[in-house]
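Visitor: quick check, what structure comes out for this input:
(chains A and B)
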Number of protein chains: 2
Amino acid sequence: MKKFFALLVGVLALGLTVQAQDAGVPASTNIPGQKYPQILPDNRVVFRVKAPDAQKVQMDLGRKYDMVKDTSGFWTVTTDPIVEGFHYYSLIIDGVPLCDPSSQTFYGMGRMASGIDIPDKDMDYYQAKKVPHGQVRSVSYYSDMTKAWRRANVYTPPGYDENPKKRYPVLYLQHGSGEDETGWPTQGKMNFILDNLIAEGKATPMIVVMERGYATDPTKPVSTTASGPASMNSNVFPDVLVKEVIPMIDKSFRTLADRDNRAMAGLSMGGFQTFQTTMTNLDKFAYIGGFSGAGRLQPGADIKQLYDGAWADADAFNKKVKVVYVSIGTKEPERMYAGVKGFHEALDKAGIKHVYYESPGTSHEWQTWRRSLRQYAGLIFKK
Amino acid sequence: MKKFFALLVGVLALGLTVQAQDAGVPASTNIPGQKYPQILPDNRVVFRVKAPDAQKVQMDLGRKYDMVKDTSGFWTVTTDPIVEGFHYYSLIIDGVPLCDPSSQTFYGMGRMASGIDIPDKDMDYYQAKKVPHGQVRSVSYYSDMTKAWRRANVYTPPGYDENPKKRYPVLYLQHGSGEDETGWPTQGKMNFILDNLIAEGKATPMIVVMERGYATDPTKPVSTTASGPASMNSNVFPDVLVKEVIPMIDKSFRTLADRDNRAMAGLSMGGFQTFQTTMTNLDKFAYIGGFSGAGRLQPGADIKQLYDGAWADADAFNKKVKVVYVSIGTKEPERMYAGVKGFHEALDKAGIKHVYYESPGTSHEWQTWRRSLRQYAGLIFKK
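Guide: Below you'll find the model as predicted:
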């Protein structure tokens, strides 16, 4: 009888497992044809990997989950519900953080990483829809300042090729630390966000330039990490952007090449770089956006002293700069949340007009930045 | 004294190891900033990964190498000399084939894979040079036949935007099995090959369309593997290319939309697909290229029976089709080499004019295909 109950429990457990796994749908970020990772209706995720000889396998989604091996050598785990949006993750096999062979890879964390995109209730705005589509173009150019070939990704809006006399405003849009110029068109889905906004008449058709936010002058001391925040200080990226990228873009594309038609925005490190670049080049930019990253305000520092006193005369600044946009996710790490919110409050106190947005329930991740781009792109280049 | 010699040998061995490792250069396919894999002057490669808790680590480059752990938890191996060109590889950690965290990733083998590019003596033709550059554009479109959003990569030649009245011939260029539409612009370096050929006046400026060679009609039985050769038979890709992609490209780009200005080529599976598509649509294509893959000729079959007898009248075919190009690497697996060579001989015997090329010393890999593209692109669209 004991045996029967044990068997029954076993069968029921097996039944539940099978049911749970069958109830899910493969993530959109999987390699085509791969059934796992699988997203359950309540946003728990089933991860699975074959590793018969491994001693220990974990899933690292910020929080680490231990995976359990079955008799056929598959390791599986069902996570807690995961917040909507895009998350980098690693498989940890016997201590080594690695890509999940079932996942597409994304440049993040300073290396190629696995990612999972949990559908959002409010995801319509970043889906491919039957509206006119822009193109994302990969552009190679030689940079004299860094003595290297560089690549920019450039979004051209729907109609760009069909209207060969029309000129467009330009948004320079930067990724975060450990990411690169592929972040916005891949993880960020920026092309679909813009296509949809433009189709609805909510954004002015614009060119969007996405550059690699790392640039080293070979005549200056070299930082050993090419991708981390440590390299930010030795990074000549702002100079490369202003002196090389902007002229190259204005030459290669039909841009409206004046400050009233030039915006910049970036996420995290890219937000810092945006303030660093625009605030010292206010003759070149009229729109400034920082998503989960903005100006660097040390505790106790006076915002009116920053950037050579550009914020000392609030009226003059408010007249000159058309949009300042600052955003943060409510679930971001406290230090980041407090930093950006404090910056927003300092701007307020100094009388600097700006739009401040808190993305509900999202962390230091792409869902915060997709939402921010959707808003920011709708605010800039309005007559 | 014995101890002294042992110590001396140890020091010398250490010295040699350090010297060997320092003498190399990081592969161009590494994540920026990563020192390993490192290519030595004689094309041996040093691979290195930190995995203190792993039981067994191997490097799989077609041939498997056992890696050896040092006291700080790094596993290292120095391979034999590797042939020039691009090779997919895996780290095998406790039995699981995985991406090397130090490598960029490439869609190949039906999943994201690590890759290493060994410089070729004759590599100049696929390097970025100070010549006018084309763009590689990512184009999203909805496919009614497959009821899915698809993505094509489209190369536009230098001058495309500057000459808004000019129209261009189009090459449809396909990847191999387990790869996708990113293969040619990433692994294949097709944009630099074309840029350089066009700059030298050796190729006619052309548009190149790279599509995803898998397409499933949802109303037909579905193959379970989306990427393998097994799916080739249930694949409606040739139909999607002819009925959906070509009209979409002719609408979205300034093409010369007639058969004399339309070519197709592909590698391996893409070569088979090229013959499958063009030979049954000779009213649409005037140029046919198969790199390490061509028509399917069963042993003992009569080539004149293939494709509804399109090769039965050699004179008529030779007048109609301007270029047939067939190539293979001399170091490809015997079955592939014999298959393509046999096909070339059957074409000869049937009186079908064609260009046949054997790439010296290269296998079923991208170096064969880069060389083939360089030749083929110089043969097509000549007046």
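
Visitor: any idea how far A:Thr105 lies from A:Ser90?
Guide: 11 Å (C-beta to C-beta, to the nearest Å). All C-beta spots, glycine's among them, are computed from the backbone N, C-alpha and C.

Visitor: between the two, tell me which one has more neighbours.
Guide: Between A:Thr105 and A:Ser90, counted using other C-beta atoms under 10 Å in any protein chain shown, the more crowded position is A:Thr105 (25 against 20).

Visitor: dump the residue contacts of the more buried one.
Guide: Counting by C-beta atoms under 8 Å, 6 or more residues apart in numbering or on different chains, A:Thr105 makes contact with A:99, A:112-115, B:99, B:105, B:112.

Visitor: among these, who's most crowded?
Guide: Ranked by neighbour count (other C-beta under 10 Å), the contacts of A:Thr105 have A:Ser114 at the top, with 29 neighbours.

Visitor: how would you label A:Tyr307: helix, strand or coil?
Guide: When classified by DSSP: H, G, I helix; E, B strand; the rest coil, A:Tyr307 comes out as helix.

Visitor: quick check: the farthest pair among the contacts of A:Thr105?
Guide: Spanning the widest gap among these are A:Gly115 and B:Cys99, at 13.5 Å by C-beta to C-beta.

Visitor: for stretch A:273-281, which positions count as buried?
Guide: A:273-281 (16 or more other C-beta atoms under 10 Å in any protein chain shown).

Visitor: can you redo those as a markdown table with pLDDT and distance to chain B?
Guide: Shown next, in a markdown table, are the buried residues of stretch A:273-281 (pLDDT from 0 to 100; distance: C-beta to the nearest C-beta, whole Å):
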| residue | pLDDT | distance to chain B |
| --- | --- | --- |
| A:Gln273 | 96 | 17 |
| A:Thr274 | 97 | 22 |
| A:Phe275 | 96 | 25 |
| A:Gln276 | 94 | 21 |
| A:Thr277 | 96 | 21 |
| A:Thr278 | 97 | 26 |
| A:Met279 | 96 | 28 |
| A:Thr280 | 95 | 26 |
| A:Asn281 | 97 | 26 |
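
Visitor: of those residues, closest to A:Pro41?
Guide: Of all those, A:Pro41 sits closest to A:Thr274, with 38.6 Å by C-beta to C-beta.

Visitor: wait, the closest one touches A:Ala263, no?
Guide: No: assessed by C-beta atoms under 8 Å, A:Thr274 is found out of contact with A:Ala263, at 9.3 Å.

Visitor: now do the shared contacts for those two.
Guide: Common contact partners of A:Thr274 and A:Ala263 (C-beta under 8 Å, 6+ apart): A:288-289.

Visitor: low-confidence regions, chain A specifically.
Guide: Flagging of chain A using pLDDT under 70 yields the residue ranges A:1-22, A:221-234.

Visitor: now do the helices in it.
Guide: Here chain A has its helices, by DSSP state H, at A:2-22, A:183-186, A:190-199, A:237-240, A:246-252, A:269-278, A:306-309, A:314-320, A:334-349, A:366-379.

Visitor: what parts of the stretch 101-250 of chain A come near chain B?
Guide: Residues of the stretch 101-250 of chain A lying close to chain B by C-beta under 8 Å from any C-beta of the partner chain are A:101-105, A:110-112, A:128, A:130, A:133, A:135-142, A:149, A:154, A:161, A:164, A:185, A:191-192, A:214, A:224-227.

Visitor: try it again with 6 Å
Guide: Applying C-beta under 6 Å from any C-beta of the partner chain, we find that the stretch 101-250 of chain A lies next to chain B at A:101, A:105, A:111-112, A:128, A:133, A:135-140, A:149, A:164, A:225-226.

Visitor: state the pair within those residues that is farthest apart.
Guide: A:Pro101 and A:Pro164 (45.3 Å).

Visitor: close to chain B, is stretch A:86-95?
Guide: Yes: on the criterion C-beta under 6 Å from any C-beta, stretch A:86-95 is in touch with chain B at A:93-95.

Visitor: contacting residues for A:Val57?
Guide: For A:Val57, the contacting residues are A:51, A:67, A:75, A:93, by C-beta atoms under 6 Å, 6 or more residues apart in numbering or on different chains.

Visitor: next: A:Ser138.
Guide: When contacts are counted by C-beta under 6 Å, 6+ apart, A:Ser138 touches A:151, A:153, B:136.

Visitor: how about the most centrally placed residue in chain A, nearest residue that isn't a chain neighbour?
Guide: The centroid of chain A falls nearest to A:Trp366 when counting by C-alpha atoms, centre = their mean (4.4 Å). Leaving aside its sequence neighbours, A:Trp366 sits nearest to A:Phe86 (C-beta to C-beta, 6 or more residues apart in numbering or on different chains; 3.9 Å).

Visitor: still on that earlier bit, list buried residues within the residues of stretch A:86-95 next to chain B.
Guide: Buried members of those, scored by 16+ other C-beta under 10 Å, are A:93-94.

Visitor: quick one: which of the residues of stretch A:86-95 next to chain B sit in strands?
Guide: Under the assignment DSSP state E, the residues of stretch A:86-95 next to chain B contribute A:Ile93 to strands.

Visitor: A:Ala257: which of the residues of stretch A:86-95 next to chain B is nearest?
Guide: A:Ala257 lies nearest to A:Ile93 out of those, by C-beta to C-beta, at 51.0 Å.

Visitor: next, count neighbours for the closest residue to A:Tyr142 other than its chain neighbours.
Guide: Leaving aside its chain neighbours, A:Tyr142 sits nearest to A:Trp149 (5.6 Å; criterion: C-beta to C-beta, 6+ apart). Neighbour count of A:Trp149, defined by other C-beta under 10 Å: 15.

Visitor: so A:Trp149 versus B:Phe192, what's the distance?
Guide: A:Trp149 is 10 Å from B:Phe192, by C-beta to C-beta.

Visitor: kindly report the same for A:Val57.
Guide: Counting by C-beta to C-beta, the gap from A:Val57 to B:Phe192 is 40 Å.

Visitor: isn't A:Val209 up against A:Tyr172?
Guide: Yes: if you go by C-beta atoms under 6 Å, A:Val209 and A:Tyr172 touch, sitting 5.0 Å apart.

Visitor: just the ones of the contacts of A:Val57 in strands?
Guide: Mapping the contacts of A:Val57 onto strands (DSSP E) picks out A:75, A:93.

Visitor: most neighbours among the contacts of A:Val57, which one is it?
Guide: A:Ile93 (27 neighbours).

Visitor: surely it is in contact with A:Lys56?
Guide: No: counting by C-beta under 6 Å, no contact exists between A:Ile93 and A:Lys56, whose distance comes to 7.9 Å.

Visitor: count the neighbours of the closest residue to A:Met279 other than its chain neighbours for me.
Guide: Excluding the flanking residues, the one nearest A:Met279 by C-beta to C-beta, 6+ apart is A:Tyr307, at 3.8 Å. Counted with other C-beta under 10 Å, residues neighbouring A:Tyr307 total 17.

Visitor: mind checking how far A:Tyr307 is from chain B?
Guide: 30 Å (C-beta to the nearest C-beta, to the nearest Å).

Visitor: just to revisit the earlier point, would you turn the contacts of A:Ser138 into JSON lines with distance to A:Ser359 and neighbour count?
Guide: Putting these into JSON lines (distance: C-beta to C-beta, whole Å; neighbours: other C-beta atoms under 10 Å in any protein chain shown) gives the following:
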{"residue": "A:Arg151", "distance to A:Ser359": "30", "neighbour count": "16"}
{"residue": "A:Asn153", "distance to A:Ser359": "24", "neighbour count": "25"}
{"residue": "B:Val136", "distance to A:Ser359": "33", "neighbour count": "25"}
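
Visitor: out of these, who's nearest A:Gly62?
Guide: Looking at the contacts of A:Ser138 and their distance to A:Gly62, the nearest is A:Asn153, at 27.1 Å (C-beta to C-beta).

Visitor: who's that closest one bridged to?
Guide: Beta-bridge partners for A:Asn153, by DSSP bridges, are A:Ser138, A:Met210.

Visitor: mind listing what it touches?
Guide: Taking C-beta under 6 Å, 6+ apart, we find A:Asn153 in contact with A:136, A:138, A:181, A:185, A:210.
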